[in-house]
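Student: Sequence and predicted structure, then a few things I'm wondering about:
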Amino acid sequence: MLGIAIINYRQYEKTIDCIHSVFETVRDIKYKIYLLDNCSGDGSFDFLSRQYRDNPLVDCFESEKNLGYAKGNNLCIEKALADNCDYILISNNDIRFDRDAINILYNDITKLDYLLIGPSLRKPSGAHQMNIKLSAPSFKKYMMSETYLRNFDKKNKYNSRTLPSEFTDVYWVSGAVFIADIKLFEKIGFFDPSTFLYFEEYIISEKAQKAGLKLGFEPAARALHYHGASMGGNANYITRFENFRSEIYFFKNYLYAPKARLRKIRFIRCLEVLFTFTKEHKIKDAFRFIKNTKKVLKEK
């Protein structure tokens with residue numbers, strides 16, 4: 001059986017649209033949706049629980065506190081395991097599945113020996129989203145592609161925007177949506193509960209490599225991704241700070257990066273925040289970010 005994990009946080013309308021796309025597109029697969037309201041506190045859970053009260057395909061439950069992405073999805077996976085699910089589809093609530101997308105992913109994961117497989121994603125504009133990384137980046141490539149330094153990559157040396165046209169082995173798959181073999185996922189400990197938001201994909205990639213497990217990209221499976229609709233934009237203190245905290249955690253605990261590299265990351269992130277937050281007249285939040293990120297570097 002296929003378990004489908006979806007987390008709602010103050011966006012029940014988008015969640016309903018996501019679930020509706022599952023209902024409309026899945027064919028001939030036994031599945032169950034595990035719908036977690038992540039302590040929205042705005043009546044979302046009451047609305048969703050009424051919406052799916054009589055639907056045996058949806059297990060709607062809530063958390064007493066916001067668990068974030070990793071712990072929230074782990075809770076959904078625990079329920080899927082208890083129901084003897086063999087595979088788990090992790091999906092953001094801002095995903096809309098195209099026809100046959102889930103069936104294609106399910107067919108792949110049941111026949112191929114892969115930890116997880118991601119689909120092709122497109123933005124509302126119709127442009128493709130780069131939701132994969134073909135190989136593990138060097139530190140220089142990471143800085144030139146994952147920070148504002150990418151704006152200086154005039155020759156596109158580090159920022160390839162081409163997606164494979166055929167099924168391909170990859171290093172990294174976006175956590176927005178992917179399907180996984182639940183037993184193999186259990187082998188690597190599911191999501192690292194030490195993160196609240198962000199960098200779960202990098203952590204999974206590193207754990208998969210150490211365990212000799214493969215990740216794949218399936219371009220024939222397609223979905224629409226509204227990408228970060230609930231994250232509050234680039235000038236949101238909480239999301240920027242949680243991103244930084246997870247970034248440093250990943251580099252410390254999975255790449256064993258020296259302090260000099262951690263300081264370089266912080267320096268660039270502080271410049272980014274100063275630039276972005278000043279334009280939005282959030283200078284106090286910018287200085288709060290600078291102060292608190294210094295504390296993160298001192299954490300064990």
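Tutor: Nice, thanks for sending it over. Numbering: from 1, shown residues only.
Student: Shouldn't Ile16 be within a strand?
Tutor: No. Assigned with DSSP: H, G, I helix; E, B strand; the rest coil, Ile16 falls outside any strand and is helix.
Student: How about it: what's its closest non-neighbour residue?
Tutor: Closest residue to Ile16 apart from its sequence neighbours, by C-beta to C-beta, 6 or more residues apart in numbering: Gln51 at 6.5 Å. All C-beta atoms are positioned from the backbone trio N, CA, C, and that covers glycine.
Student: Could you do Cys270 as well?
Tutor: Excluding its sequence neighbours, the residue lying closest to Cys270 (C-beta to C-beta, 6+ apart) is Ile290, at 5.1 Å.
Student: Tell me how many other residues surround that neighbour.
Tutor: Ile290: 15 surrounding residues under other C-beta atoms under 10 Å.
Student: wait, it sits on Val273?
Tutor: Yes. Under the criterion of C-beta atoms under 8 Å, Ile290 makes contact with Val273 at 7.3 Å.
Student: before we move on, back to that, could you pull up phi and psi at the residue nearest to Ile16?
Tutor: phi -60, psi -40 (degrees, to the nearest 10).
Student: Over to Cys76?
Tutor: In this entry, Cys76 is assigned phi and psi values of phi -60, psi -40 (degrees, to the nearest 10).
Student: which residues touch it?
Tutor: 3, 5-7, 34, 36, 88 (C-beta atoms under 8 Å, 6 or more residues apart in numbering).
Student: Quick one, which of those residues are buried?
Tutor: Neighbour counting with 16 or more other C-beta atoms under 10 Å marks 3, 5-7, 34, 36, 88 as buried within the contacts of Cys76.
Student: of those residues, closest to Thr25?
Tutor: Ranked by distance to Thr25 (C-beta to C-beta), the buried ones among the contacts of Cys76 are led by Ile6 at 14.3 Å.
Student: Over to that closest one: give its phi and psi.
Tutor: According to degrees, to the nearest 10, Ile6 has phi -130, psi 130.
Student: Mind listing the strands the helix or strand hosting Cys60 pairs with, and their directions?
Tutor: According to DSSP states H and E, Cys60 maps onto strand 58-62. Its sheet considered, strand 58-62 pairs with strand 31-37 (parallel) by DSSP bridges.
Student: hmm, back to that, the residue nearest to Ile16: neighbour count?
Tutor: For Gln51, using other C-beta under 10 Å, the count is 16.
Student: Many thanks, we can stop here.
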